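Student: sequence plus the predicted model coming up.
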Amino acid sequence: MSDHIRQTGPMLASPRCGAKTRTARACRAPAVHGKTRCRMHGGAPGSGAPRANRNARKHGLFTGDAIAERRQIRALLGEARRLLEGMK
C-alpha cells in the first residue's frame with residue numbers, strides 16, 4: 001500500500017451540479033468552476049446549442065402564427081360541435 005494521503009476535502013466541499021438524473025435524483029458530480037452544471041450536464045466548454053441557433057426554428061410548428069391558427073381551428077371545431085349538439 002501507498003503512504004500517499006488523499007486530499008479530498010476541496011473536492012467534497014465544491015458545489016454540486018444542479019441537474020436531475022434519469023432516476024429523478026440530484027447529480028452528485030461537482031459543478032464546473034464558475035457554472036452550475038457538471039461537465040456531463042452542460043458545464044463543459046462547447047456544450048449546448050450555439051448562440052442564435054437557427055436550427056431550433058426549423059419546422060415552424062411553434063411560431064406565433066401557427067399557434068394562433070391552431071387556436072382558431074379549435075374554436076371553429078368547438079362551435080361546430082355545439083351546433084351539432086343543438087340540432088339533436
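Tutor: Received, thanks. Numbers count the residues shown, from 1 in each chain.
Student: tell me, how many neighbours does Cys17 end up with?
Tutor: 22 (other CB atoms under 10 Å). Glycine gets a C-beta too; all of them are placed from N, C-alpha and C.
Student: please apply the same query to the one 4 residues further on.
Tutor: Residue neighbour count, defined by other CB under 10 Å, stands at 13 for Thr21.
Student: how about it, phi and psi?
Tutor: phi -90, psi 180 (degrees, to the nearest 10).
Student: skipping adjacent residues, who's closest to it in space?
Tutor: Leaving aside its sequence neighbours, Thr21 sits nearest to Cys27 (CB to CB, 6 or more residues apart in numbering; 5.6 Å).
Student: just the C-alphas of stretch 79-86, formatted as PDB.
Tutor: Extracted in PDB, the C-alpha atoms of stretch 79-86 (Å, rounded to 0.1, in the frame of the first residue of the first chain):
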ATOM      1  CA  GLU A  79     -68.600  25.900 -32.500                       C
ATOM      2  CA  ALA A  80     -69.400  23.100 -35.000                       C
ATOM      3  CA  ARG A  81     -69.800  20.600 -32.200                       C
ATOM      4  CA  ARG A  82     -72.100  22.900 -30.200                       C
ATOM      5  CA  LEU A  83     -74.200  23.500 -33.300                       C
ATOM      6  CA  LEU A  84     -74.500  19.800 -34.000                       C
ATOM      7  CA  GLU A  85     -75.400  19.100 -30.400                       C
ATOM      8  CA  GLY A  86     -78.100  21.800 -30.600                       C
END
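Student: with adjacent residues omitted, what lies nearest to the spatially most central residue of the chain?
Tutor: Computing the C-alpha centroid of the chain and ranking residues by CA atoms, centre = their mean puts Ala19 first, at 9.9 Å. Nearest non-adjacent residue to Ala19, counting by CB to CB, 6+ apart: His41, 3.8 Å away.
Student: residues touching the one you found, list them.
Tutor: His41 makes contact with 17, 19, 27, 29 under the criterion CB atoms under 8 Å, 6 or more residues apart in numbering.
Student: where's it, which helix or strand?
Tutor: Using DSSP states H and E, His41 sits in no helix or strand.
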